[in-house]
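>>> sequence? don't have it. structure:
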C-alpha cells in the first residue's frame, strides 16, 4: 500500500499508533526536529500551520521518504489545499469543518477533525472524518475514551493535548486508534538549545512504551 494514498496513510498511523505534534515559534528548526523524531522511530509528524513559514519549510524539506508529514491547526479548505500542495498526507483541524474534510478527500488525503463531546464526535463522523481528534485529552483522561467506545465502538479516536510518553499506553489501552503527543516529545527548551538527541531519546521512549505489548509482532516503524 502506498503511503501517498489515504488508505496507506491510515494504515501507517494505525501501525505507528502515535503522531508527533510539532508546534514551534518559527520554522527555523522544524526540519531538524522532524529528523530527530524520525531517528527515534516516530515517523508520523503533524506540523501545525500556526508556525510561521511552516508550509514553505514542508515544501522545501528533503526528508526520509518513510517520514509521513501532516498539517495541523487547519481551519479552512484554502489552508488545507496549500498544506496538501506542500506535501501534507493528513490534515488535522481543531474543530469539525465539512469543507476541509471534503477538500482532503478530493486529494485522497486523510482528514482528522477535532471534537470534544459525543455530539461533536458523531458530527465529525457524519461529515466523513477519517479520524477524530479528541482535544484536549488532558482534562478528560483515558476513562473518557473507554466510556465513548461503549455507545460508539466504531469511532477511531486520537486523543491529543496532555498525552505524554508516560500515559500514552493508557489511552491506547482505553481504545484510542492512535495518540497525538506534542510538547512532551519536543520540549521547548530542547528545541531552543538544539538538543536533538533529547528529542530522539523521548521519541524512542514513546515507541518503546507503545511497542512493548506487541514486541514479538512488530519491529521498527520507520526503517523496515
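Arrived safely, thanks for sending. Everything numeric here is computed off the predicted structure, so don't read it as measured data.

>>> low-confidence ranges in this structure?
For the chain, residues meeting the criterion pLDDT under 70 lie at 1-3, 213-224.

>>> which helix of it spans the most residues?
Longest helix in the chain, counting residues (DSSP state H): helix 196-211.

>>> mind listing what's buried in that helix?
196, 198-207, 209-211 (16 or more other C-beta atoms under 10 Å). (Glycine included, C-beta is placed from N, CA and C.)

>>> for stretch 91-107, same thing?
Here stretch 91-107 shows 91, 92, 93, 94, 95, 96, 97, 98, 100, 101, 103, 104 as buried, counting by 16+ other C-beta under 10 Å.

>>> now stretch 128-146
Quick answer for stretch 128-146 (16+ other C-beta under 10 Å): 129-135, 137, 140-142, 144-145.

>>> So which of those belong to strands?
131, 132, 133, 134 (DSSP state E).

>>> ok, the second one touching residue 116?
No. In this structure, residue 132 is not within contact of residue 116 by C-beta atoms under 8 Å, at 9.9 Å.

>>> picking that back up, tell me which two of the buried residues of stretch 128-146 sit farthest apart.
Spanning the widest gap among the buried residues of stretch 128-146 are 130 and 141, at 24.2 Å by C-beta to C-beta.

>>> mind listing the strands in this protein by residue range?
So, for the chain - with DSSP E - the strands run 18-22, 44-48, 68-72, 90-92, 110-115, 131-134, 157-159, 179-181.

>>> Quick check: end-to-end length of stretch 46-58?
11 Å (C-alpha to C-alpha, to the nearest Å).

>>> Show me what it is in contact with.
Identification of contacts with stretch 46-58 by C-beta atoms under 8 Å, 6 or more residues apart in numbering yields 19-27, 30-31, 34, 69-74, 79, 82-83, 86-88, 90, 92, 180.

>>> Weed out the non-buried ones from those residues.
By neighbour count, with 16+ other C-beta under 10 Å, these hold 19-24, 27, 30, 34, 69-74, 79, 82-83, 86-88, 90, 92, 180 as buried.

>>> For the nearest residue to residue 45 once chain neighbours are set aside, list the residues it contacts.
Closest residue to residue 45 apart from its sequence neighbours, by C-beta to C-beta, 6 or more residues apart in numbering: residue 20 at 4.7 Å. By C-beta under 8 Å, 6+ apart, residue 20 lies in contact with 37, 42, 44, 45, 46, 181, 182, 185, 186, 203.

>>> pretty sure the first one is touching residue 45, no?
Yes. Shown here, residue 37 and residue 45 form a contact pair, counting by C-beta under 8 Å, at 5.9 Å.

>>> what sits in contact with each of these two?
Joint contacts of residue 37 and residue 45 (C-beta under 8 Å, 6+ apart) are 20, 22, 67.

>>> could you dump the residues you listed to a markdown table with distance to residue 9?
Listed next are the shared contacts of residue 37 and residue 45 as a markdown table, based on distance: C-beta to C-beta, whole Å:
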| residue | distance to residue 9 |
| --- | --- |
| 20 | 15 |
| 22 | 17 |
| 67 | 12 |
